[in-house]
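Colleague: Any chance you could fold what I've pasted below:
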Amino acid sequence: MIAKAAAAGDKDGLEDEVAQAVALGTVVGLVGTFLLLWAPGKALELVLPPGAPALAHATPYIFFRALSFVPALLATVGFATYRGKLDPITPLKITLVSQLANVILDPIFIFKFGLGS
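Modeller: Sure thing, here's the model as predicted:
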């Protein structure tokens with residue numbers, strides 16, 4: 001729908017479609033975050049057998065991943081919007097900058113501040 005509005009040159013329609021996608025992504029993300037924070041064991045039961053040794057590590061991991069649910073969905077909406085507008089270069093630049101920041105900041109947070117241990 002975003003691509004259709006962009007192709008038609010309908011700026012108002014494009015803005016409406018993007019706003020709807022952002023709203024839907026936010027609502028779905030908040031529901032998903034709530035469910036993962038409220039019952040992480042139920043989600044982990046889908047992929048791990050009861051009493052699995054990985055459960056001790058997976059539970060705190062899923063907590064932090066749950067907090068990133070809304071931003072991840074909004075990033076997906078943003079990238080899809082640019083693709084719908086036939087602009088693949090802007091998301092590529094954003095991804096490059098974010099991955100460079102990740103490469104630089106990961107060692108700092110892991111080794112200097114002891115996060116992720």
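Colleague: Sort out which residues of stretch 4-24 are buried, please.
Modeller: Residues Ala5, Ala6, Leu14, Glu17, Val18, Ala21 are the ones in stretch 4-24 that count as buried (16 or more other C-beta atoms under 10 Å). No exception for glycine: its C-beta is placed from N, CA and C like everyone else's.
Colleague: wait, doesn't Pro88 sit right on Tyr82?
Modeller: Yes. Pro88 lies in contact with Tyr82 (C-beta atoms under 8 Å); the separation is 6.9 Å.
Colleague: For these two, indicate the residue with more neighbours.
Modeller: Higher neighbour count among Pro88 and Tyr82: Tyr82, with 17 against 10, using other C-beta atoms under 10 Å.
Colleague: Show me what the helix or strand hosting the more buried one is packed up against.
Modeller: Element membership for Tyr82 (DSSP states H and E) is helix 69-84. Under the contact criterion of 3 or more C-beta pairs under 8 Å, 6 or more residues apart in numbering; DSSP states H and E, helix 69-84 touches helix 2-8, helix 11-38, helix 89-107.
Colleague: by contact count, what packs against the second one?
Modeller: Okay, so that is helix 11-38. By 3+ C-beta pairs under 8 Å, 6+ apart, helix 11-38 packs against helix 2-8, helix 55-67, helix 69-84.
Colleague: So which of these is nearest Val47?
Modeller: Ranking those by proximity to Val47 (C-beta to C-beta) places helix 55-67 first, at 8.2 Å.
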